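# make a model of this:
(2 chains)
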There are 2 protein chains.
Amino acid sequence: MALSTMIQTHLPPALSGGGMNRISAVYAHQGVASDTKLNRGARRLAESLTTLLNLNIEPLCSRKNLQYSNWDSFDDEKHNTPTTSPKEMIADKWRELHGSSDWEKLLDPLHPWLRREIVKYGEFAQATYNAFDFDSFSEYCGSCRYNRNKLFEKLGLSKNGYKVTKYIYAMSAIEMPQWLERSRLMDTWSKDSNWMGYVAVSDDEETRRIGRRDIVVAWRGTVAPSEWYEDFQRNLEPIGIGDAKVEHGFLSIYTSKNEFTRYNKSSASEQVMKEVTKLVQFYQGQGEEVSLTITGHSLGGALALLNAYEAAVNFPGLAVSVVSFGAPRVGNSAFRAELDDLGVKTLRVVVKQDLVPRMPGIVFNESLQRFDDITGTLEWVYTHVGAELKLDVSSSPYLKRGFNPLGFHSLETYLHLVDGYLSAESAFRSSARRDVTLVNKACDMLVDELRIPQCWYQLANKGLVCNEHGRWVKPRREPEDMPSPTGEQAHDLSLRIEMQESYKCCMQAKNLAIC
Amino acid sequence: MALSTMIQTHLPPALSGGGMNRISAVYAHQGVASDTKLNRGARRLAESLTTLLNLNIEPLCSRKNLQYSNWDSFDDEKHNTPTTSPKEMIADKWRELHGSSDWEKLLDPLHPWLRREIVKYGEFAQATYNAFDFDSFSEYCGSCRYNRNKLFEKLGLSKNGYKVTKYIYAMSAIEMPQWLERSRLMDTWSKDSNWMGYVAVSDDEETRRIGRRDIVVAWRGTVAPSEWYEDFQRNLEPIGIGDAKVEHGFLSIYTSKNEFTRYNKSSASEQVMKEVTKLVQFYQGQGEEVSLTITGHSLGGALALLNAYEAAVNFPGLAVSVVSFGAPRVGNSAFRAELDDLGVKTLRVVVKQDLVPRMPGIVFNESLQRFDDITGTLEWVYTHVGAELKLDVSSSPYLKRGFNPLGFHSLETYLHLVDGYLSAESAFRSSARRDVTLVNKACDMLVDELRIPQCWYQLANKGLVCNEHGRWVKPRREPEDMPSPTGEQAHDLSLRIEMQESYKCCMQAKNLAIC
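Predicted coordinates for the structure are as follows:
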């Protein structure tokens, strides 16, 4: 929706007339789980758009990898069988996998261990969507549906060997309220804040496998980057003490706080830095090697970069890397230069057809310079940072063709394409084993032959349940899953005790070893 | 969607221009579970439309019955408590409740026993939607999700004291395929047929309560009466041997058959008449008084009338009544006269704001004669039959105001309004106990203060389940719930045996009594 609005705003008058109203309606429709086909007029417009934006959208007939008559056998052989692949010991190669050599010779062809790592972090980012309460009639709208101890178990992510230690809440400044989700109710858990992500840390087994205690921060993005563009036209704002500048809105989400709120007496930045500091100090104090990996999709990818910048400034010498998915540009070239100087390693995973990584500056930095006079100018030019892993929707025989901005931007589409990626020149990996069905969770990207409903990730009866009297009611959340600032404080205490216990055990083990 | 198309087709050119495209988009949007508000232009158009159609849509501010600040206490006191009200012995009044005196003095004020009966039959009609497989990616799309023995139990309707004896399937003639649901797949349970309803019969306890063995036929309708209007412009078709004529499309659904299909070697008409014949003969043979009550919503209401006509012709002397909800006109005045002569009693429940009961002939029979020259003429004029119970959306303090054709037409809206109806002049019944939440099952009609999500009636993950390997798959249906023509035959046999056993018991009991 927002994307089409954005495109429309920046099209020449001849293209942005009545016809665009129709294409907007079509996108709106797609976004809310309908299967209306692009009508002929809209299709023609979409084609013009893709040409303008240099998007390479392959026609339907040229898919070669899979015979359609084989979908059924595909289903039985591959679709219902285990996904878990062996977990190699990657300790020796870990620094390289996390960008110590700027991913030289690891991306094309893609190193299989790196593929696994990218998917792992991508799933951490996806968790922020899967557990988010989007229900605008819920008093918990904008919170996480589970408490931190249950999150990975509920989402089937326990296998990754991490434990969530802290939830992060963010608010946006008053002048830009539309970036976060908001309940329609008055008496909600919070009027101002959204659950924006979490901090997790590798358990002992995973720590052995990867050769260090890995702290992860996962940032939630926005499914539809609504109204971003408007904000991109503001000035960039300074960050740090140099010339680095970053986009106003992203920085606002990251740094806003208000003492009269329940969850943002401290900002997202302060919350995450406090937790990371605690974990780094604790594990370094135990003599462990520690790393920080920050991940996020879309807006979450932008926040990951701001977070990495701040962490690198605060922890000189700490290995800080970012794995972002479909992230927009965040700052100016001085911001990029400072990140480089700080040693922040960023791997940007980008789908060629996704418009969001071309933002801000879609009409400035790409081939559409001629629209400059229509759209006005920005005072600085936004710049991407780090290394790029470029994926192509048309590489996957499982994905539909056709212009589908929501589908192109979906994180599950990204993870599917990473799973199938061998190299820039190769066909989709025939041994890819990740569950293809996941792609259609919140969009309509899978070919019809797979028989997977679009936008299927949904609660039974939108969370209503039939009570013992036969009435449909919204059950109260389990007390343990209700967001609570005091719960967070209680947790801080329990974590401290847990850490102290772990430290004592560790010391005892060392003493024993010395003995 | 279809309604707005219909309206648009029959508006003067000045109204059906660019603005209508916007209103169509808005309706399309509403239909697929979005909460986009009518924009100003569309709202203005909706207002013009409602004025043209003499719809009385009350402004928001005039609701008086409930204080909004009381919604929460409403929730606790009423919303979560039992629904079941005492079941009176209505045997003595049953003939009257079923129209023997054309519902004289029973409708205004509405007799409480009649209210209960209307809701009972309405819930039988609603069952045809609740259990219907709408998933176009399902190989069972267009069938019932449960077998007949589980249907009422699964839908919480066992309390009504009926047992389903037969499922009815219908196909539509080739020239009008858009009236039924169709799977996108090639290998489906049926390419031609839809589950279109069922026959049920009262159990012994309910039979005692109502004083006769009541056979019910419930017909499924269409949620959105898509493309109806086009068909209405065809000629009416003769039915019976007199001058009676009925709408082509309805008759086609009721009578189409094809020996090359699995489920419609016989037509819906033949299936239902065979089953009813069997039941009538059996129970009359046991000396019981037997009645036939036919119900349906929308298209289902039209089929109910055709079915009643045929049954009355075939069973002179049998009490045949129809309780229809939001049904369109079906035939000409000769059809009405014949129904009267046959003694068919029809109670049409109609929501004042619903457009469907004004079809066909919305622009001919109402106040819009002046559009006649734009839209062409019909050869006959469609006529409503029977008595009317007229409900008004604006009577309920729980319902939103504003133009909402889907919501006005929804059967659950009807049942809510019946539950709250006292008389034409009275306010909504304060003691109404039916679960208000049900209204929003498939539309967005409840006021926001109730906090009920719109269109909430949905399967978890659209029926996908996570298998033991962590993959999302579509489970096969339980063998017993797979639609199967041989299953239907097997059932015929088992029913026959069951009836014979019942007959033997009955005879033995009589003999014992004689002894």
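
# which residue is the nearest non-sequential neighbour of the residue in the stretch 351-500 of chain A positioned nearest to chain B?
Taking C-beta to the nearest C-beta, chain B has its nearest neighbour within the stretch 351-500 of chain A at residue A:460, 3.6 Å off. (Each C-beta comes from the backbone N, C-alpha and C, glycine too.) Of all residues not flanking residue A:460 in the chain, residue B:460 sits nearest, at 3.6 Å (C-beta to C-beta, 6 or more residues apart in numbering or on different chains).

# pretty sure that neighbour sits against residue A:459.
Yes. Judged on C-beta atoms under 8 Å, residue B:460 makes contact with residue A:459 at a distance of 6.3 Å.

# so these two - more neighbours on which side?
residue A:459 (17 against 13; other C-beta atoms under 10 Å in any protein chain shown).

# contacting residues for that one?
B:458, B:460 (C-beta atoms under 8 Å, 6 or more residues apart in numbering or on different chains).

# let's see the pLDDT reported for it.
Note on residue A:459: pLDDT of 93.

# now stretch A:193-206: buried residues?
For stretch A:193-206, a neighbour-count test (16 or more other C-beta atoms under 10 Å in any protein chain shown) marks A:193, A:194, A:195, A:196, A:197, A:198, A:199, A:200, A:201, A:202, A:206 as buried.

# and the second one, what does it touch?
Counting by C-beta under 8 Å, 6+ apart, residue A:194 makes contact with A:142, A:143, A:169, A:170, A:171, A:180, A:181, A:220.

# burial check on residue A:329, number of neighbours?
Around residue A:329 there are 27 other residues, counting by other C-beta under 10 Å.

# ok, how many other residues are close to the nearest residue to it once chain neighbours are set aside?
By the measure of C-beta to C-beta, 6+ apart, the closest residue to residue A:329 outside its immediate chain neighbours is residue A:382, 3.6 Å from it. Number of residues near residue A:382 (other C-beta under 10 Å) recorded here: 25.

# strands - which of the buried residues of stretch A:193-206 land there?
Among the buried residues of stretch A:193-206, the ones falling in strands (DSSP state E) are A:193, A:194, A:195, A:196, A:197, A:198, A:199, A:200, A:201, A:202.

# kindly check the end-to-end length of stretch A:316-328 for me.
Start-to-end span of stretch A:316-328 (C-alpha to C-alpha, to the nearest Å) is 26 Å.

# out of the contacts of residue A:194, who's nearest chain B?
Nearest to chain B, judged by C-beta to the nearest C-beta, of the contacts of residue A:194 is residue A:181 at 13.1 Å.

# enumerate every residue touching the closest one.
Counting by C-beta under 8 Å, 6+ apart, residue A:181 has contacts A:132, A:134, A:136, A:141, A:142, A:194.

# so it: helix, strand or coil?
With DSSP: H, G, I helix; E, B strand; the rest coil as the basis, residue A:181 sits in coil.

# kindly report the same for residue A:217.
Taken by three-state DSSP, the conformation at residue A:217 corresponds to strand.
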